[in-house]
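Task: produce atomic coordinates for the following.
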Amino acid sequence: MQLIVELQVKVTTGSLGAFTDELYRHGCRIQRLHMKESAEGHEIYDTEIIYSDPDAYEAFLAGATASRDAYQIESERNVLEDSIAGGLLNVSGKMPIENQTDYEMRLLGSAALMREQILKGRGDHCSGILRTVGIIGCIKKRVEPPIETIRLRHTDLERDAVIAGHFTGLNALPLIITYGQIEDLIKTIQGIDAGFAALRITGIEDVDDSGVYEQILSEMSLPLISTVYDELPLLLLVETLHLLERDHLALPEATAGIIGIDTSSLRITRLLNGLGCHRVLGYDHNEKLMLTFEKSGGLATTPENIFNNADVILLFRNHFTIDEFHRIRAGQIVISLIEFDELERGIITEKGVRDFVSRRSIDTAVIFPGLLSGLLKTGARAIDDGKLVETAKKINRQRARDKRPLSLFMNAHDLVARFMID
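Modelled structure (predicted):
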């Protein structure tokens with residue numbers, strides 16, 4: 001993620017270096033710097049700033065407020081502000097309708113032709129259903145879900161709909177389903193599936209047990225993938241296999257450690273065991289999830305034991321203390337889905353961790369369009385463990401040949417779809 005802002009800054013003559021140094025110290029970079037005005041004692045610059053960490057950027061602004069002797073922020077404008085008004089999607093028809101003739105001949109005529117071909121049994125290629133996928137977010141019903149919760153989830157769904165549409169040519173539509181019981185959720189999904197070729201569930205609020213996703217998959221007739229049950233485990237498995245091979249650690253001799261038990265960690269535990277991992281250690285504050293983890297083939301233990309003994313550590317939740325985190329040691333591989341603060345990042349550096357993969361490096365956008373395309377082409381309803389493992393191995397081999405990870409704009413989606421079909 002990168003954000004762009006335009007700043008107008010008034011700099012005391014000779015203090016431009018203080019302004020630029022403070023920007024770079026907070027992880028921001030200058031894309032454009034233009035002197036607009038020069039007067040006795042000060043200069044005014046128009047600048048374009050790029051940043052990826054909103055907290056660091058806010059810290060820079062706070063510092064700018066406190067540094068009025070050197071420079072002052074005169075105005076600020078987010079370059080994306082105008083483009084996000086009304087969301088990320090713009091749904092429109094394929095037929096141009098500029099006048100009555102267009103309406104009658106293009107739209108009504110096309111619709112009539114489609115109906116005629118469907119009634120004659122030749123309309124399989126006509127239906128928009130064949131190219132339409134639902135991108136679903138599921139929110140637990142409360143007395144009244146906060147409107148912010150709905151809008152935040154919808155923003156994420158719109159983002160993913162744009163990605164799916166751009167890289168696959170499919171019509172992706174965002175949907176939010178509120179549910180009380182899982183049985184109600186399944187019935188609702190079954191009630192809308194007639195209008196789609198495939199579905200993708202981005203997440204089910206308040207559900208950590210992978211069994212819920214397995215239940216939904218078992219009762220669906222459409223191809224269906226899930227961010228937490230399919231995409232994230234696949235991406236993490238690819239990263240784990242790659243780092244272990246690069247560091248010359250054989251999986252049957254390696255110990256994996258997982259902190260934070262949820263749908264994704266439960267499935268990757270099963271996948272690692274199926275691949276012959278020596279053992280998978282795990283910890284979560286929730287004792288019920290610990291029992292579920294052991295049923296998936298893991299060994300429930302403590303964070304201290306994981307940090308002491310695991311060769312590769314996957315952090316799904318911050319269920320450890322800073323003292324326990326200090327147990328981390330040189331030579332380990334750490335893959336984190338949680339944000340680290342400055343203290344934790346310092347410990348990672350101080351301890352000499354062999355490889356560290358931050359959550360910002362883990363982006364399911366590189367694989368989920370390909371997974372959707374692959375399922376539609378194969379006709380499969382779901383991705384079983386065997387297919388997920390084989391796809392991970394193929395991605396890993398391709399990565400080794402190319403000497404680079406899968407990239408959003410480097411044919412990643414075509415490759416993943418092909419690996420699903422082969």
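
And the next helix or strand past the helix or strand of the chain with the lowest mean pLDDT?
Within the chain, no helix or strand scores below helix 54-66, which has a mean of 80 by mean pLDDT, DSSP states H and E. Using DSSP states H and E, the next helix or strand after helix 54-66 towards the C-terminus is strand 71-78.

coming back round to it: give the buried residues for the least confident helix or strand of the chain.
In terms of neighbour count (16 or more other CB atoms under 10 Å), helix 54-66 has its buried residues at 57, 60, 64. Heads up, the C-betas are built off the backbone N, CA and C, glycines and all.

so it versus strand 71-78, what angle?
Counting by axes from the mean of the first three to the mean of the last three CA atoms, to 10 degrees, helix 54-66 lies at 140 degrees to strand 71-78.

which residues sit against helix 54-66?
Residues outside helix 54-66 that contact it (CB atoms under 8 Å, 6 or more residues apart in numbering): 3, 5, 9, 22-23, 25-28, 49, 51, 71-73, 76.

So among those, which ones count as buried?
Neighbour-count burial (16+ other CB under 10 Å) is assigned, among the contacts of helix 54-66, to 5, 9, 22-23, 26, 28, 49, 51, 71-73.

Out of these, the closest to residue 392 would be?
Residue 392 has its nearest neighbour among the buried ones among the contacts of helix 54-66 in residue 51, at 33.2 Å by CB to CB.

What does the closest one show for phi and psi?
In terms of degrees, to the nearest 10, the main-chain angles of residue 51 are phi -150, psi 160.

and it, what are its bridge partners?
Counting by DSSP bridges, residue 51 is bridged to residue 3.

What helix or strand is residue 293 located in?
Taking DSSP H and E as the definition, one finds residue 293 inside helix 287-295.

State the next helix or strand along the chain beyond that helix.
Toward the C-terminus, helix 287-295 is succeeded by strand 299-300 as the next helix or strand (DSSP H and E).

what sits up against that following strand?
Residues outside strand 299-300 that contact it (CB under 8 Å, 6+ apart): 279-283, 290-291, 293-294.

Show the buried residues in the residues you listed.
Buried residues within those, counting neighbours by 16+ other CB under 10 Å: 279-283, 290, 293.

Can you work out which other helices and strands pack against the longest helix along the chain?
Using DSSP state H to assign secondary structure, the helix with the most residues in the chain is helix 147-168. Helix 147-168 is packed against strand 132-140, strand 171-179, strand 198-204, helix 368-378, with contacts defined by 3 or more CB pairs under 8 Å, 6 or more residues apart in numbering; DSSP states H and E.

would you put the C-alpha positions of it in CSV?
Extracted in CSV, the C-alpha atoms of helix 147-168 (Å, rounded to 0.1, in the frame of the first residue of the first chain):
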residue,chain,number,x,y,z
ILE,A,147,-22.4,1.4,10.2
GLU,A,148,-18.6,1.8,10.3
THR,A,149,-18.2,-2.0,10.5
ILE,A,150,-20.4,-2.4,7.4
ARG,A,151,-18.6,0.3,5.4
LEU,A,152,-15.1,-0.9,6.4
ARG,A,153,-15.9,-4.4,5.3
HIS,A,154,-17.6,-3.2,2.1
THR,A,155,-14.5,-1.2,1.2
ASP,A,156,-12.3,-4.3,1.4
LEU,A,157,-14.8,-6.2,-0.7
GLU,A,158,-14.8,-3.5,-3.3
ARG,A,159,-11.0,-3.5,-3.4
ASP,A,160,-11.0,-7.3,-4.0
ALA,A,161,-13.7,-7.0,-6.7
VAL,A,162,-11.6,-4.5,-8.6
ILE,A,163,-8.6,-6.9,-8.4
ALA,A,164,-10.7,-9.9,-9.5
GLY,A,165,-12.2,-8.0,-12.4
HIS,A,166,-8.9,-6.6,-13.6
PHE,A,167,-6.9,-9.8,-13.6
THR,A,168,-9.6,-12.3,-14.6
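
With that, I have no additional questions.
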